[in-house]
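**Q** After the sequence you'll find the predicted model.
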Amino acid sequence: MTTTPKPRTAPAVGSVFLGGPFRQLVDPRTGVMSSGDQNVFSRLIEHFESRGTTVYNAHRREAWGAEFLSPAEATRLDHDEIKAADVFVAFPGVPASPGTHVEIGWASGMGKPMVLLLERDEDYAFLVTGLESQANVEILRFSGTEEIVERLDGAVARVLGRAGEPTVIG
Ligand SMILES: Nc1ccn([C@@H]2O[C@H](COP(=O)(O)O)[C@@H](O)[C@H]2O)c(=O)n1
């Protein structure tokens, strides 16, 4: 008897926090991020939402820069949303995004499964590239947004699969 292989589908993820450079991307002339930069975040948001995943994302929440919250409001919301999310996904940024690096520290401290999106051939902080020795994180090196989309579900599934395992200090 032959059996038909079941189609492989990525496991459902309840919620994701998506972070990355923000203030440095807001054009002072327009007060918002360029459409190209908005599209990168929108593409990843749509990717997750099309699978029924709730996406927490400050760039969309704050209308790409047109509706900045106060520092205290943004900090409280981001901290609460990272805590609520099943997975933390972020671009540390080139140049480095200060806010995202704070968020990476929070997510590590919370033991959150993490996927960090690093541009291929760019240089990043030692404490980002070394984080796999201390936390449940996958570092995904990419050359374009579509490469992220192709590889993201696999990386998310791997960190979720390891959630709850003790972290080996390297
Ligand atoms: N108005 C803001 C600014 C930042 N954030 C969060 O911080 C990260 C970006 O930090 P930058 O230093 O690059 O601005 C980003 O992941 C946001 O979650 C914010 O929520 N609101």
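**A** Perfect, I can see it now. Residues are numbered from 1 along each chain as shown.
**Q** Can you tell me the number of residues neighbouring the closest residue to the ligand within the chain?
**A** Closest contact between the chain and the ligand, by Cβ to the nearest ligand atom, is at Gly99 (2.1 Å). All C-beta atoms are positioned from the backbone trio N, CA, C, and that covers glycine. Gly99: 20 surrounding residues under other Cβ atoms under 10 Å.
**Q** Counting by contacts, list what the one helix or strand it maps to packs against.
**A** For Gly99, the host element (DSSP states H and E) is helix 98-109. Applying 3 or more Cβ pairs under 8 Å, 6 or more residues apart in numbering; DSSP states H and E, one finds that helix 98-109 contacts strand 15-19, helix 71-84, strand 87-90, strand 114-119.
**Q** Buried residues, the first one. List them.
**A** Buried residues in strand 15-19, counting neighbours by 16 or more other Cβ atoms under 10 Å, are found at Val16, Phe17, Leu18, Gly19.
**Q** what residues does it touch?
**A** 41, 44-45, 48, 53-58, 78, 81-82, 84-91, 97, 99-100, 103-104, 107, 156 (Cβ atoms under 8 Å, 6 or more residues apart in numbering).
**Q** What strands line up against it, and which way round?
**A** Applying DSSP bridges to the sheet, strand 15-19 is found paired with strand 54-56 (parallel), strand 87-90 (parallel).
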